[in-house]
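A.B. asks: below: sequence and its predicted model.
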Amino acid sequence: MKSSLRLIFLIISLSALAISLMQLAEHWEYEEVPAIAHNLMITTVSAQELHKNIIDAIEQGQFDDARMYIDIAKENGYSLYYDQYQQQLLENDTRAREIKDGVGNFVKGFASGKGSTGAGVAGAIAADFTVIGDARDLHTEYTHYQKNEPVDELVATLSGVGVGLTALTIGSAGAAAPAKTGVSIVKMAKKTSRLTLPFQKQILRLAAKVFDWSGFIKAAKSSKGMKNVLRAAKKAYHPKALKPLEKVAGQVGNIKKASSVADTLHLLKYVETTDDLRRVEKLTLKHGVNAKGYLKLLGKGMLRGGKIIKKTVGFFASLIGTIVSLIFSLIFLFPTKKKKV
């Protein structure tokens, strides 16, 4: 009778152990931890190198970059000529000049859809938000197709997605705006040769599910003109397939929020996969506008952090259940024998 009861309890405890192990496996998740910038800086970047970066940035009129390097130097305890740098910035970076250059570059970016400065990029992004930019780019690529010229399918596809997202942004009272911003920045990165080839392929796979370029061509053949292009774009847009692309666009948008549009374009040069994008997002959320500087100074090694197990409530509950089940299983499997007196 005792042996039968022990067998029953053993089966129950082993079953509980198996269930708790399955639950533990579900909660056994790793969380990526960014590399510690300070440790990498003091071991790989000299004070002379930082000084040169600051002086070069000032001489080239890249005053925001100069301030970024100064901030990084101070943050990591470098002894440099900070008073001298501030004096040079005051002499060269006047507010009136900044406003004049900004307005001119904004207008150029709005008209051309391209930009090398922050204001120029902002102008190009603004054009996309008025549908002008997306319609212009989509029409341009469709014209290339009609003339049997090379077509930038990624720009065409993202432009089509942008047309659909603009309508969705208006209809959703701005809820789709983060995705629209991210898609526009990725398109700008492609047009200005800042996207790596592997990442281009990943983005195109996601975007092609949302905007059917072949379907757009068929719909656009029936008539001519910009209105026809927009009408055909809306027919080729499939919002139900948006979620995976929306996630990536949201990450790009988060990078932009923590830094700037111009910095985001630079940071995308380090992205080859969606995993890289996630790491760049984490890095930027941690270091803000200095993220670009850290990557310039330290390279992609800055993205290689460590991994730790996510210590969630579910993880600890499953771990405790596993330990308890294991103890009872061992007790019933190897019962202690009473010594004979």
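C.D. replies: Perfect, thanks for sending it. The model shown is predicted, which means the values in this text are computed figures rather than measured ones. Residues are numbered from 1 along each chain as shown.
A.B. asks: next structured bit after the host helix or strand of N39?
C.D. replies: Take DSSP states H and E as the rule and N39 turns out to sit in helix 37-44. Towards the C-terminus, the helix or strand next in line after helix 37-44, according to DSSP H and E, is helix 47-59.
A.B. asks: so for that next one, what gets flagged as buried?
C.D. replies: Residues of helix 47-59 classed as buried under the neighbour-count rule (16 or more other Cβ atoms under 10 Å) are 50-51, 53-55, 57-58. In short, each C-beta sits where N, CA and C put it, glycine included.
A.B. asks: residues contacting the residue nearest to S79 when sequence neighbours are not counted?
C.D. replies: Once its chain neighbours are removed from consideration, S79 has its nearest residue in A47; the separation is 6.7 Å (Cβ to Cβ, 6 or more residues apart in numbering). By Cβ atoms under 8 Å, 6 or more residues apart in numbering, the contact list for A47 reads 73, 78-80.
A.B. asks: farthest-separated two in these?
C.D. replies: Between all members of the contacts of A47, the longest pairwise span (Cβ to Cβ) is found for A73 and S79 and amounts to 8.8 Å.
A.B. asks: higher neighbour count, the two?
C.D. replies: The residue with more neighbours, out of A73 and S79 and counting by other Cβ atoms under 10 Å, is A73; that gives 22 against 7.
A.B. asks: and whatever helix or strand the more buried one lives in with helix 47-59, angle?
C.D. replies: According to DSSP H and E, A73 maps onto helix 63-75. Inter-element angle recorded for helix 63-75 and helix 47-59: 160 degrees (by axes from the mean of the first three to the mean of the last three Cα atoms, to 10 degrees).
A.B. asks: give me the mean pLDDT for helix 63-75.
C.D. replies: If you average the pLDDT over helix 63-75, you get 94.
A.B. asks: enumerate the positions of it that are buried.
C.D. replies: Neighbour-count burial for helix 63-75, counted by 16+ other Cβ under 10 Å, picks out 64-70, 72-73.
A.B. asks: mind listing the helices for the stretch 151-300 of the chain?
C.D. replies: In the stretch 151-300 of the chain, the helices defined using DSSP state H, counting those that start in this stretch lie at 153-171, 177-191, 197-210, 213-220, 226-235, 243-258, 261-267, 274-287, 291-298.
A.B. asks: out of those helices, which comes closest to D134?
C.D. replies: Of all those, it is helix 153-171 that lies closest to D134, at 3.7 Å by Cβ to Cβ.
A.B. asks: got a list of contacts for that closest one?
C.D. replies: Contact with helix 153-171 is made by 128-129, 131, 133-135, 137-138, 141-142, 175-177, 179-180, 183-184, 186-187, 190-191, 195, 200, 203-204, 207-208, 210-211, 213, 216, 230, 233-234, 236-237, 239, 242, 245, as judged by Cβ under 8 Å, 6+ apart.
A.B. asks: how many neighbours does A208 have?
C.D. replies: For A208, the number of neighbouring residues by other Cβ under 10 Å comes to 19.
A.B. asks: got the contact list for it?
C.D. replies: Residues T157 are the ones in contact with A208 under the rule Cβ under 8 Å, 6+ apart.
A.B. asks: next, work out how far apart it and A66 are.
C.D. replies: When distances are taken as Cβ to Cβ, to the nearest Å, A208 and A66 turn out to be 41 Å apart.
A.B. asks: got the buried residues for the helix holding N39?
C.D. replies: 37, 40-41.
A.B. asks: one more: stretch 78-97?
C.D. replies: The neighbour-count criterion (16+ other Cβ under 10 Å) identifies 78, 80, 85, 88-89, 93 as the buried residues of stretch 78-97.
A.B. asks: got a list of contacts for stretch 64-75?
C.D. replies: Applying Cβ under 8 Å, 6+ apart, the external contacts of stretch 64-75 come out as 38, 41, 47, 50, 53-54, 57-58, 80, 82, 85, 89, 118, 289-290, 292-294, 297.
A.B. asks: helices and strands around the helix holding N39, which ones?
C.D. replies: Using 3 or more Cβ pairs under 8 Å, 6 or more residues apart in numbering; DSSP states H and E as the contact definition, the elements that helix 37-44 packs against are helix 291-298.
A.B. asks: other residues contacting the helix it packs on?
C.D. replies: By Cβ under 8 Å, 6+ apart, the residues outside helix 291-298 that reach it are 37, 40-41, 44-45, 49-50, 53, 65, 68-69, 71-72, 258-259, 263, 266-267, 270, 280, 283-284, 287, 302-303.
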